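S.K.: What follows is a protein structure lacking sequence information:
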């Protein structure tokens, strides 16, 4: 009997210790997300993908984009589902007006790409995407950039508010020769900013390519990406004083030669930049940061800002893809160069 009681006590202690370990884990980092079998159960066939896309485009039933009529016929244009309005005879493809417009790929390929890109914490390169979904590299590259463009368009809707930490940062610098430091022509400058909760935890991040760290550039950035009355904390770089033109207060802290690890007041912005560096170096062996930096930075922000619910991340990206205007190759190749 005493031995049985001892075993029960040990079991209770073990369970309590296990619960303490789970509590000590980062709840966000250890959330289950969406497994591949779960995803394939809902989107494993072309019919399932069509039904999901139709429900997202017209949640209350089809509406003609020309006359808003509800009465319609369903016809097939090859393998694509097409809706014909009974009133004006206008035909609307299931994929017309979305990021999928013009594609000849099955929707299952697109949905799988959305799942893989949304669930990859450190991002997914076009080469890795090519291998996983079974398409050519140019096709994988185009899918990747279209979805990153979707992420960027979605991120542009939000601004940072409250307490915001900012820092100057760069992409690139691989080429030899030329100037070093802030004036280097080998680097693409961008502003890194993170808003904090009242408890001091990171809430949203913004990584924005800028033409340079000047008063004018920072003022334009602040008016676009910061809510008025935000409190901005920087390392004392003079240009960040321009955030006051956007109705924000500026609180500089002179670093005086200190390294980032010795500045606990900038813990989160330094952590974000460290994660970004790890993500880019671990995922991409090379990319054109001069031309496409804005997309790669936006993709990082998109995943970080929606990290609280990994299970719904693919659905949110799918909704964004449905509501984003078509992005043909010629537009994708031009890119949004901000400097």
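M.R.: On my side now, so go ahead. Not measured: the values here are computed from a predicted model. Numbering: from 1, shown residues only.
S.K.: From now on I want contacts and neighbour counts done on CA atoms only, so please keep to that.
M.R.: Noted.
S.K.: Which helix or which strand is home to residue 319?
M.R.: If you go by DSSP states H and E, residue 319 is part of helix 313-323.
S.K.: How far off centre is the helix or strand following that helix?
M.R.: Tracing the chain past helix 313-323, the next element assigned as helix or strand by DSSP H and E is helix 329-334. Taking C-alpha atoms, centre = their mean, to the nearest Å, one finds the center of helix 329-334 at 20 Å from the center of the full chain.
S.K.: Next, the buried residues of helix 329-334.
M.R.: By neighbour count with 16 or more other C-alpha atoms under 10 Å, helix 329-334 contains no buried residues.
S.K.: Check which helices and strands that helix sits against.
M.R.: Packing partners of helix 329-334 (3 or more C-alpha pairs under 8 Å, 6 or more residues apart in numbering; DSSP states H and E): helix 137-155.
S.K.: Can you list the low-confidence ranges for the protein?
M.R.: By pLDDT under 70, the weakly predicted segments of the chain are 1-26, 28, 77, 173-186, 260-262, 285-289, 335-339.
S.K.: Contacts only, for residue 55.
M.R.: residue 61 (C-alpha atoms under 8 Å, 6 or more residues apart in numbering).
S.K.: And whichever strand or helix holds it, what's buried?
M.R.: Using DSSP H and E, residue 55 falls within helix 46-57. Buried residues in helix 46-57, counted by 16+ other C-alpha under 10 Å: 48-50, 52-54, 56-57.
S.K.: can I assume residue 219 is in contact with residue 248?
M.R.: No. Applying C-alpha atoms under 8 Å, one finds residue 219 not in contact with residue 248, separated by 10.4 Å.
S.K.: More neighbours: which of the two?
M.R.: Under the neighbour definition other C-alpha atoms under 10 Å, residue 219 and residue 248 were set side by side, and residue 248 has more, 21 against 18.
S.K.: which stretches of the stretch 1-150 of the chain form strands?
M.R.: Under the criterion DSSP state E, counting those that start in this stretch, the stretch 1-150 of the chain contains strands at 72-77, 80-85, 91-93.
S.K.: What angle do helix 313-323 and the helix holding residue 55 make with each other?
M.R.: Computed by axes from the mean of the first three to the mean of the last three C-alpha atoms, to 10 degrees, the angle separating helix 46-57 from helix 313-323 equals 70 degrees.
S.K.: What separation do you get for the residue lying closest to residue 165 once chain neighbours are set aside and residue 268?
M.R.: Take residue 165 and drop its neighbours on the chain: the residue closest to it by C-alpha to C-alpha, 6 or more residues apart in numbering is residue 233, 4.8 Å away. Distance, residue 233 to residue 268, using C-alpha to C-alpha, to the nearest Å: 12 Å.
S.K.: anything in contact with each of the two?
M.R.: residue 165.
S.K.: Nearest to residue 252, out of the strands of the stretch 1-150 of the chain?
M.R.: Among these, the nearest to residue 252 by C-alpha to C-alpha is strand 91-93 (54.0 Å).
S.K.: how about the helices in the protein?
M.R.: 2-24, 36-43, 46-57, 107-119, 126-133, 137-155, 215-225, 267-283, 289-305, 313-323, 329-334 (DSSP state H).
S.K.: Present those as JSON lines; the columns should include distance to residue 94.
M.R.: Formatted as JSON lines, those follow (distance: least, C-alpha to C-alpha, whole Å):
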{"stretch": "helix 2-24", "distance to residue 94": "45"}
{"stretch": "helix 36-43", "distance to residue 94": "16"}
{"stretch": "helix 46-57", "distance to residue 94": "7"}
{"stretch": "helix 107-119", "distance to residue 94": "11"}
{"stretch": "helix 126-133", "distance to residue 94": "22"}
{"stretch": "helix 137-155", "distance to residue 94": "18"}
{"stretch": "helix 215-225", "distance to residue 94": "34"}
{"stretch": "helix 267-283", "distance to residue 94": "33"}
{"stretch": "helix 289-305", "distance to residue 94": "26"}
{"stretch": "helix 313-323", "distance to residue 94": "10"}
{"stretch": "helix 329-334", "distance to residue 94": "20"}
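S.K.: Let me know which of the ones you listed is the nearest to residue 71.
M.R.: Nearest to residue 71, of those and by C-alpha to C-alpha, is helix 46-57 at 15.4 Å.
S.K.: the inter-axis angle of that closest one versus helix 36-43?
M.R.: Angle, helix 46-57 to helix 36-43, by the same axes, to 10 degrees: 70 degrees.
S.K.: shift numbering so it begins at 12
M.R.: Right, with 12 as the first residue, what we last looked at is helix 57-68.
S.K.: how much space is there between the most centrally placed residue in the chain and residue 216?
M.R.: Ranked by distance to the mean C-alpha position of the chain (C-alpha atoms, centre = their mean), the top residue is residue 313 at 1.9 Å. Using C-alpha to C-alpha, one gets 9 Å for the distance from residue 313 to residue 216.
S.K.: Great, nothing more from me.
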